[in-house]
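*Asks:* All I have is the shape, not the residue letters:
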Ligand code: NCD
Ligand code: ZN
Ligand code: ZN
């Protein structure tokens, strides 16, 4: 197979940032995807429907400025609200009904970039979870415990056991997406869990294991959260993504940080994969002899889980090698300097 035409795909987890960085990264995502679930972890975080509406306008303006009218018309940002212990369930519900807020994002406080305003006491958000459950609005979760006594490579598995499993039992009707899963524990938990539980998988967790962080020296461009795990976990993720199981779908977690912020004494977590995301995923499906399952993972499972229509139109990938640039403005893209065998036409 030398060309692959699929229904236009979506990215169910992306960080588009704000200001100057937004101008660079928003067009890159719009060139690859029809829609994208935009993470709310700005400073300050997006916590109201009004703030989400304003942010959506800034995103659309950035896509227009960087890619023109046609690109802006073809791309729809889907907005999320950042769950704090004081978030107003009525505002969420209204924002959801008005088509401004698609989902709500739960960051355990301290788990990742800009998560300090996140949740410390799950009990405090019970009214919000009840509202989400009632109206069918998805809860998206960064699934790691923040207890520094827990080994960083175990924080996802421990989160599932201590937090997620009890939460799903308390709210059996809640639609939950466990974001950017990194372990076989998460794969098993989602696979055997209820139909209202799904997961996104990033391209980088399909390509790298934790060795990539230390290959010949410390590699800040391979550092993200949840951190890449052992090879056995990467293999479990590849099997899940290419299995055809509708509980697993595409979410890049493209999370740009400028080079000076990555290459620092305390470097930021996040991998910028948006510009070559489809090519990166296609390489995995190709290597696993599963190109026939790529469309379902990229373009069907996500909208079906969210209860949204599938996109119209198609995109085509060609088997044409391309070398990923060493940097794009002040960002180092995932696969920098490598050759990818596929190219989005
Ligand atoms: C994300 C970011 O930089 O915003 N970083 C990351 O390593 N994935 C936050 C997140 O998704 O956890
Ligand atoms: Zn996260
Ligand atoms: Zn993320």
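*Replies:* The structure has been received and is ready for your questions. Since the model is a prediction, treat every value here as computed from it, not as a measurement. Ligands and ions are numbered 1, 2, ... in the order given.
*Asks:* Dihedrals phi and psi, the closest residue to ligand 2 within the stretch 1-150 of the chain?
*Replies:* Nearest to ligand 2 in the stretch 1-150 of the chain, going by C-beta to the ion, is residue 142, at a distance of 3.5 Å. Using the backbone N, CA and C atoms, a C-beta is placed for each residue, glycine as well. Main-chain torsions, residue 142, degrees, to the nearest 10: phi -80, psi 110.
*Asks:* Let me know the pLDDT of it.
*Replies:* With respect to pLDDT, residue 142 scores 98.
*Asks:* mean confidence score for stretch 55-63?
*Replies:* Stretch 55-63 shows a mean pLDDT of 98.
*Asks:* Repeat that for stretch 174-189.
*Replies:* On average, stretch 174-189 scores 99.
*Asks:* Return the set of buried residues in it.
*Replies:* Buried positions in stretch 174-189, judged by neighbour count with 16 or more other C-beta atoms under 10 Å: 174-187, 189.
*Asks:* Is stretch 100-115 positioned near ligand 1?
*Replies:* Yes. Residues of stretch 100-115 contacting ligand 1 under C-beta under 6 Å from any ligand atom: 112-113.
*Asks:* for that stretch, which positions count as buried?
*Replies:* Within stretch 100-115, judged by 16+ other C-beta under 10 Å, the buried ones are 100-108, 111-115.
*Asks:* ok, now stretch 289-300?
*Replies:* Counting neighbours by 16+ other C-beta under 10 Å, stretch 289-300 gives 290-291, 293-300 as buried.
*Asks:* swap in stretch 135-155?
*Replies:* Using 16+ other C-beta under 10 Å as the test for burial, stretch 135-155 gives 137-146, 153, 155.
*Asks:* quick one: residue 276 is in a helix?
*Replies:* Yes. Residue 276: assigned to a helix according to DSSP: H, G, I helix; E, B strand; the rest coil.
*Asks:* Pretty sure it sits against residue 325.
*Replies:* No. With contact defined as C-beta atoms under 8 Å, residue 276 does not count as touching residue 325 (9.5 Å).
*Asks:* how about the helices in the stretch 151-300 of the chain?
*Replies:* 155-159, 165-170, 184-192, 203-207, 231-241, 259-262, 277-287, 294-295 (DSSP state H, counting those that start in this stretch).
*Asks:* export the buried residues of stretch 289-300 to a markdown table and tack on distance to ligand 2?
*Replies:* A markdown table is the format used below for these (distance: C-beta to the ion, whole Å):
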| residue | distance to ligand 2 |
| --- | --- |
| 290 | 26 |
| 291 | 28 |
| 293 | 25 |
| 294 | 24 |
| 295 | 26 |
| 296 | 24 |
| 297 | 20 |
| 298 | 20 |
| 299 | 23 |
| 300 | 24 |
